[in-house]
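> Predicted coordinates and the sequence they were generated for:
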Amino acid sequence: MKIQEFRNKMQQCKREDLEKIASELYKMLPKNKKEEDADTLIEDIIAGKTTAVSAKNQKADVNFDVLKSEINEFLSNVDNDYYIVPNRIVPKSKRSKWRFEVKKFVKSINQIPVDGENGIESAQLLRELYQRLCYGCGYYIFPSDDPFQSIGIRQPVFYDMLIKRTFATGFTDENIKNMLMDATCVYIDRESLYIEMEAIYAKSLLTSDLKYKAQGFIKEYVEQLEAKSGKKNKYALEDYQIKSNIDEMCQTMLIISIFLCEPEDGIKYYWKHNQESNKEVTLYKLLNIIKMYGDDKLWISVYENGLSKKIEPRNALKEQYQEKKSK
């Protein structure tokens, strides 16, 4: 029936019948619809904030000051572990709904013009949310061990959203550095790969000058990280993380070099600074990157160079080599 027919029938019902109909309709809703839409709508109607007719249709302008305040409160609650430990700040019933808060924040931020007066601040707020979600992939700060999956946005997709908004505010040194760190030096979810975000980063540097500048920052960071590496127990988590960050920086350097059509410099840098002690594994990783973003000629050249270093490639690489040579 049409909505007006439904209303007419509801007007003829007794109160107890209305309650029964409402209960049965509510039971028919999927769980995510109850939590994300219906619950909020019911609470708003009871509070007199909206009406059933306008709740889904109205598109009010985002009040940035209110949004900023709500996000900062959320970030503070996350940093204080209020979504995972008993407390009086975030009610127990609300802790499991954190993902809906984040989805609402992201949606609101994306409605803010990047070239408007709140463009820079909106990008900063989006970055703060991204960093908490990344941290949540390594440490338990949400009622979930996979925050990006919980909000329904893959980490590289969120990163792509972030980098576009950030660079839309300008290719400043700070922005270039921040986006580099957010692609390489963060915890990652189980469904994604660092190389996905590193490629997004490299492609987002629209000119050769920007790419060269990013490579300069990579060299600075790698130098700083190498100075820290090995000072503690070599099996310590901190040292492992440092070496992992160096590896991702080297990978990003190579991808940028390939996009610059100057792969030789990136390959040389990769061999020199990659933290893998097994040279065959280094060759394997190097060839995988080239397979994704380079060409067969470059792949063959790097493979044969590995042979000249007395490296014995695994069978899978030998087979690939024969296939590429026979083309």
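Received it, and whenever you're ready, just let me know what you need. Keep in mind it's a predicted model, so treat the numbers as computed, not measured. Numbers count the residues shown, from 1 in each chain.
> wait, doesn't Ile242 sit right on Lys228?
Yes: with contact defined as Cβ atoms under 8 Å, Ile242 reaches Lys228; the gap is 5.6 Å. C-beta coordinates here come from the backbone N, C-alpha and C atoms, glycine included.
> out of the two, which sits in the more crowded spot?
Legend: neighbour count by other Cβ atoms under 10 Å for Ile242 and Lys228, higher for Ile242 (22 against 13).
> in the stretch of helix or strand the more buried one belongs to, what's buried?
Assigned by DSSP states H and E, Ile242 belongs to helix 237-259. Of all the residues in helix 237-259, those buried under the rule 16 or more other Cβ atoms under 10 Å are 239, 242-243, 245-259.
> show me where pLDDT drops low in the stretch 51-200 of the chain?
Within the stretch 51-200 of the chain, the segments meeting pLDDT under 70 span 51-60.
> sorry, back to before: buried residues of whatever helix or strand comes next after the helix holding Ile242, list them for me.
Going down the chain from helix 237-259, the next helix or strand is helix 263-273, by DSSP H and E. If you call a residue buried by 16+ other Cβ under 10 Å, then helix 263-273 has these buried ones: 263, 266-267, 269-271, 273.
> Please apply the same query to stretch 81-96.
If you call a residue buried by 16+ other Cβ under 10 Å, then stretch 81-96 has these buried ones: 82-84, 90, 95.
> Among these, give me the pair with the biggest separation.
Pairwise distances across the buried residues of stretch 81-96 (Cβ to Cβ) peak at 9.6 Å, for the pair Ile84 and Val90.
> And for Glu128, nearest residue in space, chain neighbours not counted?
Of all residues not flanking Glu128 in the chain, Leu75 sits nearest, at 5.7 Å (Cβ to Cβ, 6 or more residues apart in numbering).
> Residues touching the helix or strand that contains that neighbour, excluding its own?
Using DSSP H and E, Leu75 falls within helix 64-79. Residues outside helix 64-79 that contact it (Cβ atoms under 8 Å, 6 or more residues apart in numbering) are 83, 89-90, 98, 101-102, 105, 108-109, 112, 118, 121-122, 125, 128-129, 132, 141-142.
> Buried among the residues you listed? Need that as a selection in ChimeraX.
Buried members of the contacts of helix 64-79 can be picked out in ChimeraX with the line below, counting by 16+ other Cβ under 10 Å:
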select :83,90,98,101,102,105,108,109,112,118,121,122,125,128,129,132,141,142
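> In helices, which of the contacts of helix 64-79 appear?
Among the contacts of helix 64-79, the members falling in helices (DSSP state H) are 98, 101-102, 105, 108-109, 121-122, 125, 128-129, 132.
> Which one of the residues you listed is nearest to Gln149?
Proximity of those to Gln149 (Cβ to Cβ) peaks at Val102, which lies at 12.2 Å.
> you'd agree that closest one is up against Ile151?
Yes: Val102 is within contact range of Ile151, at 5.1 Å (criterion: Cβ under 8 Å).
> Overlap in contacts, these two.
Leu133.
> who touches Ile42 in this structure?
Per Cβ under 8 Å, 6+ apart, neighbours of Ile42: none.
> any idea how far it lies from Glu304?
Distance of Ile42 to Glu304, computed by Cβ to Cβ, to the nearest Å: 68 Å.
> would you turn the buried residues of helix 263-273 into CSV with distance to Asn175?
As requested, the buried residues of helix 263-273 are arranged in CSV below (distance: Cβ to Cβ, whole Å):
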residue, distance to Asn175
Pro263, 26
Gly266, 22
Ile267, 28
Tyr269, 23
Tyr270, 25
Trp271, 30
His273, 24
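> of the residues you listed, closest to Lys164?
Taking Cβ to Cβ as the measure, Lys164 lies nearest Gly266 of these, at 24.6 Å.
> on that earlier part again, work out the gap between the helix holding Ile242 and the centre of the chain.
Averaged C-alpha coordinates place helix 237-259 at 17 Å from its chain's average position (Cα atoms, centre = their mean, to the nearest Å).
> which secondary structure elements does that helix contact?
Identification of packing neighbours for helix 237-259 by 3 or more Cβ pairs under 8 Å, 6 or more residues apart in numbering; DSSP states H and E yields helix 173-184, helix 194-204, helix 208-228, helix 263-273, helix 279-293.
> could those be laid out in CSV, adding distance to Lys9?
As requested, the helices and strands packed on helix 237-259 are exported to CSV (distance: least, Cβ to Cβ, whole Å):
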stretch, distance to Lys9
helix 173-184, 54
helix 194-204, 52
helix 208-228, 63
helix 263-273, 70
helix 279-293, 60
